[in-house]
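Novice: Curious how this folds, go ahead:
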Amino acid sequence: MAKASARKTPRPQRLAAPRRPETMAKSFTSEPVAIEFADASHRFVRADLEINGIAHGEASYEGRIFLDNPKANAKTPKTIEEGYAGSFNIFGHGGCLGDPGHCDINEHNRDPYDFRAPHPLTLASKRVTVTAALRAAARTKKKATITIVPVVTAANDLCDTKDVFHFERMQFVTYNG
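Specialist: The predicted structure follows:
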């Protein structure tokens, strides 16, 4: 009588607890954009930076916004003098634990009357009020760069902690009083 070989079932992979990485993430700096619409001759009462199409499938981070300070990093003081304009937070999903394709967003075939919640990884949008920093930059310049400094607050082994900020577009939006 032949013995059946005992097969061991693989143990599920366990992730370590989320951690705050020691290395800084890569910042994004735009090409110079026109800001002459923000000088003292214009009557807007509020200006926002609107960022659309933000990917949030990996690490959690604070996105710090600096105007006309392309050398800003996580240690740059959050002051108007340094160009600090505000920040937003992204609660990351910590990478994909499923099979290949599990985290792919496939919403292009949805019916406009489908009232189910969107896919959890549908790209995010953020709007940050940047009025004071934009006015300060426009006092002396007609163009400025926009720098986003991601400061990773939590990540696990599945997350890229260097290249975390991905977006589709950003624009200034002003409101008249």
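
Novice: Any regions of the chain where pLDDT drops low?
Specialist: Along the chain, segments meeting pLDDT under 70 span 1-13, 15, 98, 102, 107-108.

Novice: any idea where the helices of it begin and end?
Specialist: For the chain, the helices defined by DSSP state H occupy 131-138.

Novice: Now do the strands in it.
Specialist: For the chain, applying DSSP state E gives strands covering 28-29, 33-34, 44-54, 60-67, 84-90, 124-129, 143-144, 146-154, 169-176.

Novice: what residues are up against the closest residue to residue 133 other than its chain neighbours?
Specialist: Closest residue in space to residue 133, ignoring its immediate chain neighbours: residue 85 at 3.5 Å, by C-beta to C-beta, 6 or more residues apart in numbering. From N, CA and C alone the C-beta is placed, and that goes for glycine too. Residues near residue 85 by C-beta atoms under 8 Å, 6 or more residues apart in numbering: 49, 65, 66, 67, 128, 130, 132, 133, 134.

Novice: I'd like these as JSON lines, with distance to residue 35 and neighbour count appended.
Specialist: Converted to JSON lines, the contacts of residue 85 look like this (distance: C-beta to C-beta, whole Å; neighbours: other C-beta atoms under 10 Å):
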{"residue": "49", "distance to residue 35": "11", "neighbour count": "22"}
{"residue": "65", "distance to residue 35": "14", "neighbour count": "24"}
{"residue": "66", "distance to residue 35": "14", "neighbour count": "27"}
{"residue": "67", "distance to residue 35": "8", "neighbour count": "27"}
{"residue": "128", "distance to residue 35": "15", "neighbour count": "17"}
{"residue": "130", "distance to residue 35": "10", "neighbour count": "22"}
{"residue": "132", "distance to residue 35": "13", "neighbour count": "13"}
{"residue": "133", "distance to residue 35": "10", "neighbour count": "25"}
{"residue": "134", "distance to residue 35": "6", "neighbour count": "24"}
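
Novice: Go through the residues you listed and say which is closest to residue 38.
Specialist: residue 134 (4.7 Å; C-beta to C-beta).

Novice: Now for the closest one: which residues touch it?
Specialist: 35, 38, 47, 67, 85, 172.

Novice: start to end distance for stretch 19-29?
Specialist: End-to-end span of stretch 19-29 (C-alpha to C-alpha, to the nearest Å): 26 Å.

Novice: I meant to write stretch 79-86 there.
Specialist: This stretch, stretch 79-86, spans 9 Å end to end (C-alpha to C-alpha).

Novice: which parts of it are buried?
Specialist: For stretch 79-86, burial by neighbour count (16 or more other C-beta atoms under 10 Å) applies to 82, 83, 84, 85, 86.

Novice: and what of stretch 50-66?
Specialist: 51, 54-61, 63-66.
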